[in-house]
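**Q** Output the structure for:
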Amino acid sequence: MLRALIVDDERLARQAMRRLLAAHPTIEIVGEAETLDEAIAAIERTEPQLVFLDIELGNRGDGFDLLAKLERPPLIVFVTAYAEYAVDAFTVNAVDYLLKPVLPERLAESLVRVEQHMIRIVAASGQKVQGMIALRTPKQTVLTAPSEIAALRADGDFTHVFVADHPTVMILRTLGHFESLLPSPPFLRLGRSLIINRDRLRKIEAPSRAGARIVLQGIKAPFELGRAAAARLRELVSPDEV
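**A** Model (predicted):
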């Protein structure tokens with residue numbers, strides 16, 4: 001999920017953008033703002049990865065003033081009724097510039113540009129940026145937030161990454177690489193071959209000390225744990241957490 005904030009001084013315009021974004025399940029709208037001050041506070045509070053930003057924000061400043069006040073601004077897509085600001089928008093590294101009224105197909109195109117832009121950032125600076133991780137294979141790159149990763153399983157020099165409600169991605173990286181990349185907690189290493197996301201743990205079935213079976217939110221098949229991994233899980237997770 002890509003966390004997005006809508007900044008526009010017109011309530012109807014914010015509502016229209018919400019309706020358009022509802023067709024894109026990969027976008028999570030984390031808030032709205034009407035003025036410059038509200039936008040600054042909302043960005044600090046919600047930490048969006050993407051902002052749909054109007055240029056006119058009332059008497060106390062505009063969208064360009066907002067960017068000037070942010071030390072590390074998120075990705076920006078300008079949404080405005082004024083075509084004459086387009087050159088200035090790309091000067092401040094906006095990903096895209098949408099003219100109102102925004103057409104659904106134009107928004108879809110813009111979201112593709114946002115994803116491609118994030119992939120380029122990740123490729124240039126490492127595996128993690130702005131709260132997202134790029135899972136690269138020879139055929140595709142999957143951008144995901146760490147919270148969407150349910151588990152990781154080692155397979156030699158490869159790692160199977162289990163992303164919630166998504167086909168498993170096989171990456172030419174060791175499990176140790178991901179262990180250093182992902183926050184602990186909630187990611188817990190249960191042995192040489194498995195890391196799970198504790199926040200996605202929904203059920204533990206342990207009929208004996210010989211092992212256990214766990215169910216993770218967003219993953220259909222349960223994970224079978226051996227004796228050592230089951231014991232490690234019991235050490236790290238209390239019963240009232242599940």
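**Q** For this structure, which element, helix or strand, carries the lowest mean pLDDT?
**A** Every helix and strand in the chain was compared by mean pLDDT, DSSP states H and E; the lowest is strand 128-129, with a mean of 50.
**Q** Show the subsequent helix or strand relative to that one.
**A** The C-terminal neighbour of strand 128-129 among helices and strands, as given by DSSP states H and E, is strand 132-136.
**Q** what's next to that following strand, contact-wise?
**A** Strand 132-136 is contacted from outside by 2, 49, 118-119, 122-123, 127-128, 141-146, 149, 161, 163, 169, 171, 181, using Cβ atoms under 8 Å, 6 or more residues apart in numbering. Glycine gets a C-beta too; all of them are placed from N, C-alpha and C.
**Q** where's stretch 176-193 relative to the chain centroid, distance-wise?
**A** Its chain's C-alpha centre and that of stretch 176-193 lie 18 Å apart, by Cα atoms, centre = their mean, to the nearest Å.
**Q** Could you do stretch 84-102 as well?
**A** Centroid separation between stretch 84-102 and its chain, computed with Cα atoms, centre = their mean, is 23 Å.
**Q** Just name whatever secondary elements the helix or strand where residue 77 lies is in contact with.
**A** Counting by DSSP H and E, the element that carries residue 77 is strand 75-80. Here strand 75-80 touches strand 50-53, helix 63-69, strand 96-99, helix 104-125, going by 3 or more Cβ pairs under 8 Å, 6 or more residues apart in numbering; DSSP states H and E.
**Q** Can you list the strands that the first one pairs with?
**A** The reference is to strand 50-53. Strand 50-53 has its sheet partners listed here by DSSP bridges as strand 2-7 (parallel), strand 75-80 (parallel).
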